[in-house]
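>>> the following comprises the amino acid sequence and a computationally predicted model.
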Amino acid sequence: MRRLHLVSTEVNERGVTYFATDEAYPLVDLMKTEYAAKLKVRATWLADHVLPRGDKALHDLIADKLGRWNIEFQDEQAMMGRQ
């Protein structure tokens, strides 16, 4: 996706963040399947209700829905990548 200029990345002390570029939006608009429509609804909900509350709210939501082990595994993997 980076090669096609659909996403850009930012690396800082918190990790890697991916951003959709302006070039990604026309491609997303072309996606008309039921799955794509549901994904857009969920992404909008996430952006509107969870992200404004900060990283901790997102972390807590993931922990509640998927369990602590998943987050701890990802944190461990991130730390291993920084060494």
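Cool, got the structure.
>>> just name the shakiest helix or strand of the protein by mean pLDDT.
The weakest-scoring helix or strand in the chain, judged by mean pLDDT, DSSP states H and E, is helix 68-82 (a mean of 58).
>>> residues near residue 60, how many?
Number of residues near residue 60 (other C-beta atoms under 10 Å) recorded here: 14. All C-beta spots, glycine's among them, are computed from the backbone N, C-alpha and C.
>>> what's the host helix or strand of it packed up against?
Per DSSP states H and E, residue 60 falls inside helix 55-66. Packing partners of helix 55-66 (3 or more C-beta pairs under 8 Å, 6 or more residues apart in numbering; DSSP states H and E): helix 68-82.
>>> so what does residue 21 have for phi and psi?
Main-chain dihedrals, residue 21, degrees, to the nearest 10: phi -90, psi 170.
>>> I misspoke; the intended subject was residue 6.
phi -90, psi -20.
>>> likewise the one 10 residues further on?
Per-residue torsions, residue 16: phi -110, psi 130 (degrees, to the nearest 10).
>>> need the pLDDT of it.
For residue 16, the model assigns a pLDDT of 85.
>>> contact partners for it?
9-10 (C-beta atoms under 8 Å, 6 or more residues apart in numbering).
>>> swap in residue 19?
Residue 19 makes contacts with 7-10, as judged by C-beta under 8 Å, 6+ apart.
>>> excluding chain neighbours, what is closest to the residue nearest to the spatial centre of the chain?
Centroid-nearest residue in the chain, with C-alpha atoms, centre = their mean: residue 18, separated by 7.2 Å. Here the nearest residue to residue 18 in space, its sequence neighbours aside, is residue 7; by C-beta to C-beta, 6 or more residues apart in numbering that works out to 5.0 Å.
>>> you'd agree that neighbour is up against residue 23?
No. Residue 7 lies out of contact with residue 23 (C-beta atoms under 8 Å); the separation is 9.4 Å.
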